[in-house]
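Trainee: model this:
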Amino acid sequence: MKIKINDEFYDLSNYYPLLFTVIFIVILFQYSFSSIEAIFYDMRIKYDLVSTQQDNIVVIYMDEDSDEYLGEKYPYTYASHARMIKRLNQDKPAIINYISTLNEPESDTDIENLNYFETAIEDFTSHGGMFRFGSEMDAWGELKPPRDLQNIGYSLALINIDNFFAKDDVARRAILNISGESTLHVWTASQYRKLHGGQAIDVNNLFGAYYVREADAFFAMFPYFSNPSDGKHNIKEIPFHRVLVGNFPEKTFKDKIVLIAPKYLSNPSNYVLTPFDKDELKAPKAIVHAQIIEALIQNKTILAVPRWVSYVLALVLGLFLSLVISRVKPTTGLLVTFMTIAGVFIIGHLLFSLFGLWIYLTHLILTIFVVYYIWVPFRAIAEYQTRFAIQEETKILKKVESLKQNFISLMSHDLKTPVAKIAGMADVLIQKNRGTPELVNGLHSIINSTKDLNKYITSILDLTKIESQNLTLNKGNKDINQLIETVTNGLKFEASAKQIAVILDLSPLYPIEIDPNLMVRVFHNLVENAIKYSGEGTQITIKTWDDAQWVYVKISDNGRGIPPEDLGYIFDKFYRVKNESTHSIKGTGLGLYLVKYFVELHGGQISVQSTLGKGTSFEIKLKNA
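Mentor: All right, here's what the predicted structure looks like:
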């Protein structure tokens with residue numbers, strides 16, 4: 001389809017791929033592809049080589065081994081918890097978080113031990129320590145500490161699982177604040193930061209924090225500093241019963257945040273899915289709590305870049321790739337596509353790891369594939385059409401070339417016979433009319449013209465053989481010097497007619513393998529040209545020598561020389577130097593072309609040097625073998 005604008009026609013079909021590209025990219029924007037983006041997000045979490053875990057937190061866990069050792073069942077007696085606080089108080093931790101569901105006392109003994117536990121906590125806080133219960137939620141609401149302990153302080157300690165983004169129940173974001181109340185993670189990180197001279201966390205200004213009205217809560221995406229699965233993380237863990245009996249190195253808890261939480265293999269609710277293990281519950285909640293607190297301490301939360309930024313980048317990237325792929329070969333387009341995908345992943349990963357910026361990659365990657373799968377077929381079709389046109393054109397050119405060669409060959413062969421007859425008749429007439437000088441001179445002129453015509457026909461026949469690749473070498477071992485002497489002897493008359501001295505400086509040479517007939521024509525052409533284009537009384541020098549690799553032949557004259565602007569073209573087919581001094585000299589423009597071809601056919605080389613007004617020098621190199 002073509003349209004006319006300002007008297008010019010434009011083919012709109014060239015813009016179809018671009019139009020389809022834009023349409024498909026816009027269609028992509030209508031879908032979130034959250035499941036795919038979750039894969040890319042988790043890859044950045046898993047392969048974050050920049051974030052480092054600091055030694056701020058120690059986890060004390062209650063499990064089946066502690067149950068067996070203590071002879072108690074979770075959540076243990078208040079007497080055991082009181083002994084735990086007293087034992088920790090000896091090592092002076094900075095903060096203790098109790099993320100454990102404690103039962104209301106049921107007996108006088110329980111009440112007495114609860115008071116003992118409360119006294120131990122008050123003793124810990126009176127010496128500068130900070131204590132906080134972490135509460136959880138179930139279907140009936142918040143699971144608060146026992147009433148008598150609530151005055152100590154408690155905050156929600158929830159692990160948010162993904163039911164909003166990829167909906168795969170993986171823990172990727174932290175809850176910061178619910179209905180205006182800070183969570184245990186924010187409270188603990190704020191207190192720890194203030195102990196070290198920092199500022200408390202303001203969730204309204206926290207990097208990457210955002211508010212969800214339906215939940216009346218602030219959230220933020222957080223990184224994992226290590227794989228939180230059992231046995232793979234970098235956070236210190238000690239069983240509850242070992243701490244209770246003092247079986248731990250001194251200063252293990254000093255100035256640290258201590259998290260006390262259950263980790264029962266038999267209880268799946270103590271574990272959570274993470275980006276490292278999305279199909280199996282391997283990460284203890286206690287370790288994930290520690291990772292969230294560490295992220296808040298280091299202010300390493302993640303900012304989700306608005307989707308419209310990804311849309312703009314996808315559109316720009318799509319247009320850029322369309323321009324590139326439309327101008328290169330399909331194979332190059334594939335390479336560019338893979339390099340662009342790699343570049344997008346690398347840049348996205350660096351922004352995530354270094355600056356905490358989460359750019360939505362899915363639309364960018366899908367845009368690259370859309371561009372590739374739209375443009376490459378169009379390019380392939382265009383390449384095929386071009387290749388087909390070239391093939392058809394080549395077929396036609398071959399037919400024309402074949403017709404031309406056949407015509408030239410036929411004409412040349414057919415011309416040789418009448419030319420020979422003309423020369424023969426002229427020679428007979430000379431013999432019969434020797435008494436008529438004017439007639440004899442005219443007949444000699446006819447004979448000379450037939451010789452020139454014969455040379456031209458021979459050159460055309462050689463050219464036909466070259467272009468049809470039918471020219472073969474008939475090699476034999478020959479002495480180059482002998483061939484040169486044969487040529488110079490044959491041109492003595494022409495040289496003496498212009499009083500040109502031909503000087504031979506021939507070094508002794510071993511015979512080399514050449515086609516003597518072709519090389520005689522090479523030397524004859526160069527020497528004859530030197531005679532033609534040199535003035536009267538000039539000198540031509542022919543010099544030969546050799547080395548281990550080459551045999552050299554240098555033919556020099558001190559004639560007119562060749563203009564610099566013509567020097568680069570003298571070996572071209574049918575090229576002749578056009579000026580006043582050479583206008584009257586006969587030639588076909590094929591001599592030097594054939595000379596170069598014959599030399600190179602022998603694996604040799606030919607070069608020329610010329611200075612206008614001083615002369616020209618041709619140097620031939622033939623293999624010394």
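Trainee: confirm Y61 sits in a strand?
Mentor: Yes: the assignment for Y61 (DSSP: H, G, I helix; E, B strand; the rest coil) places it in a strand.
Trainee: and stretch 239-247, how far apart are its ends?
Mentor: 10 Å (CA to CA, to the nearest Å).
Trainee: which residues are in contact with it?
Mentor: For stretch 239-247, the surrounding residues in contact (CB atoms under 8 Å, 6 or more residues apart in numbering) are 60-63, 65-66, 69-70, 76, 80, 83-84, 87-88, 248, 260. All C-beta spots, glycine's among them, are computed from the backbone N, C-alpha and C.
Trainee: quick one: which of the residues you listed sit in strands?
Mentor: Secondary structure assignment (DSSP state E) places 60-62, 260 from those within strands.
Trainee: of those, closest to R147?
Mentor: For the ones in strands among the contacts of stretch 239-247, the minimum distance to R147 (CB to CB) is 20.3 Å, reached by I260.
Trainee: what's across from the closest one in the sheet?
Mentor: When bridges are assigned using DSSP bridges, the partners listed for I260 are I60, Y98.
Trainee: tell me the contacts of A290?
Mentor: Neighbouring residues of A290 by CB under 8 Å, 6+ apart: 57, 59, 235, 257, 259.
Trainee: assign L504 to helix, strand or coil.
Mentor: For L504, the assignment made with three-state DSSP gives strand.
Trainee: check contacts around it.
Mentor: The neighbourhood of L504, defined by CB under 8 Å, 6+ apart, consists of 484-485, 488, 542.
Trainee: show me where the stretch 251-400 of the chain has its helices.
Mentor: Assigned by DSSP state H, counting those that start in this stretch, the helices in the stretch 251-400 of the chain fall at 285-297, 307-325, 330-355, 362-432.
Trainee: quick one, which of those helices is nearest to V553?
Mentor: For V553, the closest of the helices of the stretch 251-400 of the chain is helix 362-432, at 29.6 Å, according to CB to CB.
Trainee: return the distance of that closest one from the chain's centre.
Mentor: The chain centroid and the centroid of helix 362-432 are separated by 38 Å, computed with CA atoms, centre = their mean, to the nearest Å.
Trainee: please name the residues that touch S226.
Mentor: Taking CB under 8 Å, 6+ apart, we find S226 in contact with 53, 232-235.
Trainee: pLDDT value on it, please?
Mentor: What the model reports for S226 is a pLDDT of 90.
Trainee: now do it against Q54, distance only.
Mentor: Distance check for S226 against Q54: by CB to CB, to the nearest Å, it reads 11 Å.
Trainee: kindly report the same for H349.
Mentor: When H349 is compared with Q54 (using CB to CB), they lie 22 Å apart.
Trainee: of those two, who's got more company?
Mentor: Remark: of H349 and Q54, H349 carries more neighbours, 19 against 10, as counted by other CB atoms under 10 Å.
Trainee: so that one sits right up against K46, yeah?
Mentor: No: contact status for H349 versus K46: not in contact, 10.7 Å apart, counting by CB atoms under 8 Å.
Trainee: run through this structure and note the low-pLDDT ranges.
Mentor: Flagging of the chain using pLDDT under 70 yields the residue ranges 1-15, 382, 401, 404-416, 419, 452, 455-456, 459-471, 578-589.
Trainee: and what about the residue lying farthest from the centre of it, helix, strand or coil?
Mentor: Among the residues of the chain, the one whose C-alpha is farthest from the average of all C-alpha positions is G435, by CA atoms, centre = their mean at 88.4 Å. Taken by three-state DSSP, the conformation at G435 corresponds to coil.
Trainee: gap between it and R44?
Mentor: 111 Å.
Trainee: same check, this time on P511
Mentor: Here the distance between P511 and R44 works out to 77 Å (CB to CB).
Trainee: quick one, which of these two is more surrounded?
Mentor: The residue with more neighbours, out of P511 and R44 and counting by other CB under 10 Å, is R44; that gives 21 against 13.
Trainee: quick check, that one in contact with G348.
Mentor: Yes: at 7.1 Å, R44 and G348 qualify as touching, with contact defined as CB under 8 Å.
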